[in-house]
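Engineer: Any chance you could fold what I've pasted below:
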Amino acid sequence: MKQQTNIVWFLLGCLLFTGCAYRKAAKQAAKYEQAKMYSAAIDKYLYSLSKKGDYIDARIGLMRTLTIYKEQLVEKIEEGYEALNDDAVVDNYLALDNLRKKAAPYQVEIAIDSRTQGQYAEAKNRFLVTHYKKAQHYIEEENFSEAQTLLESIIKVESGYENAHELLITCKCEPLYRSGKSSLNNQKYRTAYAAFQQILNINASYKDTKELQTESLEKGILTIAFTSMKNQSRYPTFCNSIINDTKQAIQKANNPFVKIVDLNNTEQMLAEQRRALQYGLELKAGAIIPVRAHLSCAVESFTLTTTPLQVVKKKGFIKETKSDKTVVYHKVYYKEYSRSQTCQCSFLYDLRSVETGLILVSGSSTPTSTDKIHYAYCEGQNNSNLYSGTWENQKSAFDANTDKVNDSFIAKLAMKSLVYGRQELKSENEMRQQLINTIVKDMSNKILKYNPE
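Structural biologist: Numbers count the residues shown, from 1 in each chain. Below you'll find the predicted structure:
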């Protein structure tokens, strides 16, 4: 029932907001119209109708404003035609036609007279021919940016004109292609890869882009193999978790230039290749991924320290509410228990190039995870009614003059947190995993951010 009520209120809120939105937009449109800002007024009227398609005030306002704005655009088309300014004719006609299309769904029609249509048709032909020739000239001069602007304007007017689409692809891709090849030749493989990817997003078959991108990746990829971790035999579970979680973090990042290589798999593949050579079998080219960097890690220390359980005996009360609603406080002793533990390690790592021996990435960390418990318990009593406080004599009846019950809101909240507080410390596995998460995040982030360029 409560969920249904919430849904009803939500729907009512949506209806209220929608109602406010279309009325507000229409009022704003009217103000723009009074200020003779007709383009802005039309946009607001259209927005109002998009919220409520049959809102008569917005529809009438749109019809009125469109009539005025249409006359202005027709006048600009006439002026442009007389001045042989084909760009002005085309731009204003397209603006007029765009308004016609936007208004049509709301039964607001804009009629474009035959004279205006004829002026546009004549100017459009000259516009297309002139811009196309200029674009070709710019391409010949390798001024791809200017050519792109002209070709985009042509396609906007007539999408299938000549081979404007193909030329536009050239204008967008060729500068990236040349930049990518230059980066590849200068051993900036990641920059080259990114440039080629931009091209593939535009046109998947542009020249030999795919092959060049593959070459960039093959030459720039950083293949990493874990070496045996120092003290791994002493802390096997801890070390193995760091290795496995780091592998997963790097793989999850999906960085094409950073890959983890299994040394055991590499050894197996080498053995297979040797057998193939020995018996004259076909070699599997590319089956072996060369290791380009070794990741060495060391757990210098690992400690888990737990304090003894501290027990403090305290005075308090158990509150009893009788059937006649009277309240009685029973004096009791309760105990507060507290304990804490700290897990800490010292961790070192470095990533070295197999080819040069240079350290590519290195780091160290001393992560710490802590946990503590603090709870209260009164044996043999209903602890949900336990209150802290003070009393003089446990055997005597409760006396408001000498005995004090801490029943303020803050005091009750504090006692509830103690009564229902966690009574067991986190396990060693949980504490250890917190350290692992910190180590893996730091190490994987640094490796993934490494950029040789």
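Engineer: Specify the local secondary structure of residue 393.
Structural biologist: Three-state assignment for residue 393 (DSSP: H, G, I helix; E, B strand; the rest coil): coil.
Engineer: now residue 370
Structural biologist: Assignment for residue 370 (three-state DSSP): strand.
Engineer: Do I have it right that it meets residue 307?
Structural biologist: No - applying CB atoms under 8 Å as the test, residue 370 and residue 307 come out as separate, 11.0 Å apart. For glycine as for every other residue, the C-beta is placed from the backbone atoms N, C-alpha and C.
Engineer: residues shared between the contacts of those two?
Structural biologist: Here residue 370 and residue 307 have 340-341 as joint contacts, going by CB atoms under 8 Å, 6 or more residues apart in numbering.
Engineer: hmm, who's touching stretch 441-453?
Structural biologist: 188-191, 220, 222, 224, 246, 249-250, 253, 255, 258, 295, 297, 349, 351, 360-361, 363, 365.
Engineer: rerun that using 10 Å as the cut-off
Structural biologist: 183, 186-192, 220, 222, 224, 242, 245-253, 255, 257-258, 260, 293, 295, 297, 347, 349, 351, 353, 360-365, 367 (CB atoms under 10 Å, 6 or more residues apart in numbering).
Engineer: what's the answer for stretch 213-220, then?
Structural biologist: Here stretch 213-220 makes contact (CB under 10 Å, 6+ apart) with 180-181, 183-184, 187-197, 199-200, 208, 256-257, 286, 292, 451-453.
Engineer: Looks to me like residue 256 is in a helix.
Structural biologist: No - assigned with three-state DSSP, residue 256 falls outside any helix and is coil.
Engineer: i'd like the first residue to be 810 from this point on
Structural biologist: Happy to do that; since the first residue is 810 now, the last one works out to residue 1065.
Engineer: Roughly how far does it sit from residue 937?
Structural biologist: Residue 1065 sits 42 Å away from residue 937, going by CB to CB, to the nearest Å.
Engineer: Looking at those two, which is more packed in?
Structural biologist: When residue 1065 and residue 937 are compared for neighbours, residue 937 comes out ahead with 19 against 13, by other CB atoms under 10 Å.
Engineer: pLDDT of the strand of greatest length in the chain, averaged?
Structural biologist: Longest strand in the chain, counting residues (DSSP state E): strand 1136-1162. Taken as a whole, strand 1136-1162 has a mean pLDDT of 96.
Engineer: same check, this time on stretch 1024-1044
Structural biologist: Per-residue pLDDT over stretch 1024-1044 has a mean of 91.
Engineer: for that stretch, how far is the first residue from the last?
Structural biologist: Across stretch 1024-1044, the terminal residues are separated by 41 Å (CA to CA, to the nearest Å).
Engineer: Buried residues in that stretch, which are they?
Structural biologist: 1024-1026, 1029-1035, 1038, 1041, 1044 (16 or more other CB atoms under 10 Å).
Engineer: Which of those residues fall within strands?
Structural biologist: 1031-1035.
Engineer: Partner strands of the longest strand of the chain and their direction?
Structural biologist: Taking DSSP bridges as the criterion, strand 1136-1162 forms sheet pairs with strand 1102-1115 (antiparallel), strand 1119-1130 (antiparallel), strand 1168-1174 (antiparallel), strand 1177-1186 (antiparallel).
Engineer: just for the stretch 860-1009 of the chain, where's the confidence low?
Structural biologist: Within the stretch 860-1009 of the chain, no range satisfies pLDDT under 70.
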